[in-house]
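>>> Let's see this in three dimensions:
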Amino acid sequence: MNQSWAMVALSAVVLVAYLFDFLGRWIKVPAVVLLIFAGLCLRAVTDAFGLSLTPPDDLLPVLGTFGLILIVLEGALDLRLTREAAPLILRSSLCAVLGVVLTGAALTAALVFWLDAPLQAALVHALPLAVISSAVAIPAAAALAPRLREFVVYESSISDIVGVVLFYAMLNEFTGFGSMLVSLTGEITLSVFIGLVVGLLIFWLIQRIQHHVRVLPMIFGITLLYGLGKIMHLAPLVMVLLVGLLLNNYQLVRRFTGGRWQGEGDFESDLESFKHLTAEFTFVVRSFFFVLLGFGTGLAELLDLQAWLLAGIVLACSIAPRWALLRGVARESAEPLLWFAPRGLITVLLFLSIPAHLVIPAFPKAGLMLVILVWALLLSMGSLRIKPAAQDEVAPVESPPSSH
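Okay, here's the model as predicted:
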């Protein structure tokens, strides 16, 4: 492909994704589904004409990782930390952690029984399928009432973080739950400290750097932070989440420092520019990722019965624990939150990170795409059940008097 056709293709992907974004909101179908189908159709056309277009092997993981960083950052930049929001944050975090653990345990047992897989291999295949994808859930949550939207942002972001931390912990040689817990606690504690320091540094820089190019270096600085955290075997998504939360809750920093960090510029305006550019980057990266994901899958692969069986098992092991957690822990009505637990970008990224010696040969890889598509369609169904006029009337399940 020459340079002119490459420019046409890249520009067309962004413009079509932009149209899909509008179309998806109108027909209540996540743009992710439309992007994946666009990739599948593009693959079918190239195969029909005998064209060989093979993206670099490392392109999808790099795009996905960059997209994940931006999506978690974008979600955190929309959240306000207040005393009133503390119960919601606690409930959504508990749902995220227990959801990953319970669903992961059920899927692990299913893979051991069904495919006769070793325990460690079953675990590292089950965990990616148990993680809620913030890349899909957060954009779709725009249709929800503000309180439920915050629940989805917190739950999906924490689910991503917990899933990634547990996944990489399971890749190491198992020496006991005690030693693993100590190691994870140390990693998360250090990640929290580094995230707070970097967040304060960016807060200070936004107020003092007057150069006309300043937001973009900060975004890539956060990406650098993620990469270094990954190299150091920390929890880099925790750092990214804390940076975003700290920037969007700058009033807490000024209150803590007694106003000494008050800059000369208009921080609110600068923060809006930071949010806007983050959203633009997220849109572009996410669009290319899901088109390439669809392009990498042949339509014939989706007809495999084993792949459909895997999709059914994942749904069965996901929906039952989620319904129980929403009712018992979150104390929310199961509708519409039950369907806001899609799989997507993070699931693919973790699967691409499974080392060769832990790969289960009999695992139907096409089932991964089916799981993503089926969950996205369920999310569409949940979005269609939302009545715009009654969005703000959705109320939590009544709590017993003793909980107040």
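>>> From L315, how far off is D58?
Distance check for D58 against L315: by CB to CB, to the nearest Å, it reads 31 Å. Every C-beta, even on glycine, is put in place using the N, C-alpha and C of the backbone.
>>> in the protein, which spans are strands?
Under the criterion DSSP state E, the chain carries no strands.
>>> spatially speaking, which residue is in the middle of the protein?
To find the centre residue of the chain, average its C-alpha atoms and take the closest one (CA atoms, centre = their mean): that gives S134, at 2.7 Å.
>>> What residues does the nearest residue in space to it that is not next to it in sequence make contact with?
Excluding the flanking residues, the one nearest S134 by CB to CB, 6 or more residues apart in numbering is S156, at 3.8 Å. The contact partners of S156, by CB atoms under 8 Å, 6 or more residues apart in numbering, come to 75, 96, 132-134, 137-138, 340-341.
>>> Would you enumerate the residues in contact with L70?
Applying CB under 8 Å, 6+ apart, one finds that L70 lies in contact with 219, 278, 281-282, 285.
>>> Turn those residues into CSV, including distance to V197.
Below are these laid out as CSV (distance: CB to CB, whole Å):
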residue, distance to V197
I219, 18
T278, 20
F281, 24
T282, 24
V285, 26
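>>> possible to save these as CSV with distance to F193, pLDDT and neighbour count?
What follows is those, written out as CSV (distance: CB to CB, whole Å; pLDDT from 0 to 100; neighbours: other CB atoms under 10 Å):
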residue, distance to F193, pLDDT, neighbour count
I219, 22, 84, 18
T278, 24, 87, 22
F281, 27, 87, 20
T282, 27, 85, 23
V285, 28, 88, 22
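>>> if we can go back for a sec, return the item of the contacts of S156 having minimum pLDDT.
Looking at pLDDT alone, those dip lowest at G75, where the score is 76.
>>> Make sure it is actually in contact with S157.
Yes. The criterion here is CB atoms under 8 Å, and G75 meets it with S157 at 5.3 Å.
>>> shared neighbours, the two?
When contacts are counted by CB under 8 Å, 6+ apart, G75 and S157 have 134, 138 as shared neighbours.
>>> any weak-confidence spans in the stretch 251-400 of the chain?
Within the stretch 251-400 of the chain, the segments meeting pLDDT under 70 span 253-267, 386-400.
>>> ok, and the closest non-adjacent residue to A31?
Of all residues not flanking A31 in the chain, G24 sits nearest, at 4.0 Å (CB to CB, 6+ apart).
>>> List the contacts of the one you found.
Counting by CB under 8 Å, 6+ apart, G24 touches 30-31, 33-34.
>>> how near is V45 to R385?
When CB to CB is the yardstick, V45 and R385 sit 35 Å from each other.
>>> For T82, give its distance to R286.
29 Å.
>>> I meant W375, not that one.
Per CB to CB, W375 is found 16 Å from R286.
>>> ok, V14 - how many residues close by?
If you count neighbours by other CB atoms under 10 Å, V14 ends up with 13.
>>> Which residues are in contact with the closest residue in space to T65 that isn't next to it in sequence?
Here the nearest residue to T65 in space, its sequence neighbours aside, is L349; by CB to CB, 6+ apart that works out to 6.3 Å. For L349, the contacting residues are 61, 64-65, 68, 128, taking CB under 8 Å, 6+ apart as the criterion.
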